[in-house]
Each structure stands twice: as structure tokens, then as C-alpha cells.
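> Predicted model and sequence follow; I will ask about them next.
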Amino acid sequence: GAVVSQHPSRVICKSGTSVKIECRSLDFQATTMFWYRQFPKKSLMLMATSNEGSKATYEQGVEKDKFLINHASLTLSTLTVTSAHPEDSSFYICSAGQGTSADTQYFGPGTRLTVL
Amino acid sequence: GEDVEQSLFLSVREGDSSVINCTYTDSSSTYLYWYKQEPGAGLQLLTYIFSNMDMKQDQRLTVLLNKKDKHLSLRIADTQTGDSAIYFCARDNFNKFYFGSGTKLNVKP
């Protein structure tokens, strides 16, 4: 089946640095990808929709200058957490799909970000 | 999305049935889903149900949907220790997913 990968799986960084997380669709092209954030023991919250070749669409309350999204190709979207702070520590998950049917959206394995 | 709610914990004994409940307020989604998340891992799609269906059975899993009450449930028959995980119900809107808070299922041997 279709696979979505994320890199890195874990990252630890110092406060004030920027971190880039990659989301790749491995065997299909995705014009749209989605980024989610999961706080410890909390649900996943949709952050933004990544659109290939155009600007991302952010959900209400998500700072677009803080979380930069670049969807440069049909198989790659990147999320950059800029000037990271400890409160940005979270589990970030992307998803990508091939269509609109129920079982065509695939989630990546997630990236655990820890900001010291 | 705050419109999808679940109870936070469920504890059962191995071999018993588990029933995880979910309520939602926005009924516009075409499908409703159940995902499983094991510690430190990503999401695994368990099953989904079309919004016009009342029930769907898939091996040990049974999904019940009460559209009138906006209530979704997942029943796991013969629960095993390997079923211990967090279970999320979710709805989608054009591939954007809105998740419940997750129910942590603890299966005691």
C-alpha cells in the first residue's frame, strides 16, 4: 500500500534554533499534504494544509511565521519550526492521500521534537 | 476539533469485549474513522464507516453509528494485551481529519 515517511523520527534541538521536518509520499504523488501536532496525552490537531506549488493554508491559531511549510514537489512537504521554544516540543505527524475515498489518506510515522 | 469527544480511559480484562465510545457534533463528514496509536508510534487505520451505514464488522472489530445521536462506537471482541493502545475516532472534511481526544485502552492479563 501507499506509504508516507517522515524524517527525522526524533530530533532534539536547543531553544532558538530552527528545525526542519520532511514528509514524503513514497509511491504516489500528493498535491495536498496535511500537518498535525499532537501534544503529550492529547489529541492530534490539524495545523495546516500544504499545497504543492502554492502557499499553505493554516488553521486558526497556528502561526504561519512560526511553522513554515514548503511543498516544493508532488512527493515532498517540509515543516520548519522556526526559533523553536520548549513549548513547541510535540509529536508532529503528516498525512498525504491519493484521493477522497476513506482509505486513501495515509499518515506518516510522526516526528518527536524536543526543544531544550 | 472540539466537536469530536471520547472518554479518556478504558480498562478491561483479556478476553473481554471492549467498547470505546465517541460523540461528535458536525455531521457533514462522509466517513467516520477509528485509528490506533501505540506508544511512540504513528497512526494505524483500524476501520472506517460510511456515514449512511449503521454498522460495520471487520473480524474482531464492530463499528456502530447512530446518526441521530451522533454517536460512534468501536467494539473489540476477545480483547488481547496487544490491543492496549490509544484509540482515536475521527471525522474528515475533504481529507482534513478532526480527531477525538483518544481513549487509552488498558488490557489486563
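Yes, it's here.

> touching chain B at all, the lowest-mean-pLDDT helix or strand in chain A?
When the helices and strands of chain A are scored by mean pLDDT, DSSP states H and E, strand A:105-107 comes last with a mean of 87. Yes - judged by CB under 8 Å from any CB of the partner chain, strand A:105-107 and chain B are in contact via A:105, A:107. Every residue, glycine included, has its C-beta placed from N, CA and C.

> What lies in contact with that strand?
With contact meaning CB atoms under 8 Å, 6 or more residues apart in numbering or on different chains, strand A:105-107 is reached by A:1-4, A:25, A:93-97, B:35, B:42-43, B:45, B:92, B:95, B:97.

> State the paired neighbours of that strand in the sheet, together with their directions.
Strand A:105-107 has the following sheet partners, assigned by DSSP bridges: strand A:90-97 (antiparallel).

> buried set for the strand it pairs with?
Under the neighbour-count criterion of 16 or more other CB atoms under 10 Å in any protein chain shown, strand A:90-97 has A:90, A:91, A:92, A:93, A:94, A:95, A:96, A:97 buried.

> Skipping adjacent residues, who's closest to the third one in space?
Computed as CB to CB, 6 or more residues apart in numbering or on different chains, the closest residue to residue A:92 that is not its neighbour in sequence is residue A:111, at 4.8 Å.

> can you check the fifth one too?
In space, not counting the residues next to it along the chain, residue A:94 is nearest to residue A:23; the distance is 3.4 Å by CB to CB, 6+ apart.

> Is that neighbour bridged to anything, and to what?
residue A:6, residue A:77.

> how much space is there between it and chain B?
Residue A:23 is 12 Å from chain B, where distance means CB to the nearest CB, to the nearest Å.

> quick one: contacts for the closest residue to residue B:9 other than its chain neighbours?
Once flanking residues are discounted, residue B:9 sits nearest to residue B:104: 5.1 Å by CB to CB, 6+ apart. Residue B:104 makes contact with B:8, B:9, B:10, B:85, B:86 under the criterion CB under 8 Å, 6+ apart.

> from those, which is closest to residue A:103?
Checking these against residue A:103 by CB to CB gives residue B:85 as the nearest, at 19.6 Å.

> Would you check that the closest one makes contact with residue B:105?
Yes - counting by CB atoms under 8 Å, residue B:85 touches residue B:105, with 6.1 Å between them.

> Where does pLDDT dip in the chain?
Let's take chain A. Within chain A, the segments meeting pLDDT under 70 span A:1-2, A:99-102.

> wrong one, chain B
B:1-2.
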